[in-house]
Each structure stands twice: as structure tokens, then as C-alpha cells.
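**Student:** can't give you the sequence, but here's the structure:
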């Protein structure tokens, strides 16, 4: 059945809208909703997000006085430690694969 029934004429589910010629005239323009403080807060927030997502290692605040050479040495020691842990994990995995299950 392809019959479409229309609503009765004169029935409206929404309040009547004013016509353009009936709209009240505004004597002053609307005030701005976004003030300078809001704009400043937005810019500061975006800057903080960008700063928080920056790449690279950052020195902790407690080690600001550490020389660059000491910092590089500390990074090298940390990387060597991580490589040693990875080697141990791979060796253990190889051992587990070669030893028969009991």
C-alpha cells in the first residue's frame, strides 16, 4: 500500500515563527560573547598542549645543573641497561624453546 496520509490543515506542533517584517529592530549590535580573557585562556591552553606533546627527552627539573656530558652519559647507561634486559629476555626465550617440556 503506497498511500501517504497528510496531517490535517491548521495543525502545528511548533509555536508560530515571527515573519521577517514583524521582527523587532535592534538598536544596538549584539555584544561579543568571547572576551579577551577567554581568548588568552584559549591561546595559553593550546600552547600548553603543544608544549606537552613535544618530542625528545627532557631533563628533569632536579637535574638542571647537570652538565650536558653527564646527561649524555646517563642516557647511554640507561640505553645499555635496557639493551641488557632485552638480551636476557631473548636468551631466556631461546632457552625455553630449546629445553624439552617436563
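**Tutor:** Okay, I see it. These numbers come from a predicted model, not from an experiment.
**Student:** so who does the residue nearest the centre of the chain touch?
**Tutor:** Most central residue of the chain, judged by C-alpha distance to the mean C-alpha position with C-alpha atoms, centre = their mean, is residue 49 at 7.8 Å. Applying C-beta atoms under 8 Å, 6 or more residues apart in numbering to residue 49 gives no contacts. Yep, even glycine has a C-beta here, placed from its N, CA and C like the rest.
**Student:** which SS class is it?
**Tutor:** Each residue gets one of three states, and residue 49 gets helix by DSSP: H, G, I helix; E, B strand; the rest coil.
**Student:** Could you pull out the helices in this protein for me?
**Tutor:** Secondary structure of the chain by DSSP state H: the helices cover 36-52, 68-98.
**Student:** Could you tell me the least trusted of the ones you listed?
**Tutor:** Among those, helix 68-98 carries the lowest mean pLDDT, at a mean of 85.
**Student:** Would you mind listing the buried residues in it?
**Tutor:** Judged by neighbour count using 16 or more other C-beta atoms under 10 Å, helix 68-98 contains no buried positions.
**Student:** So residue 26 versus residue 72, what's the distance?
**Tutor:** 66 Å (C-beta to C-beta, to the nearest Å).
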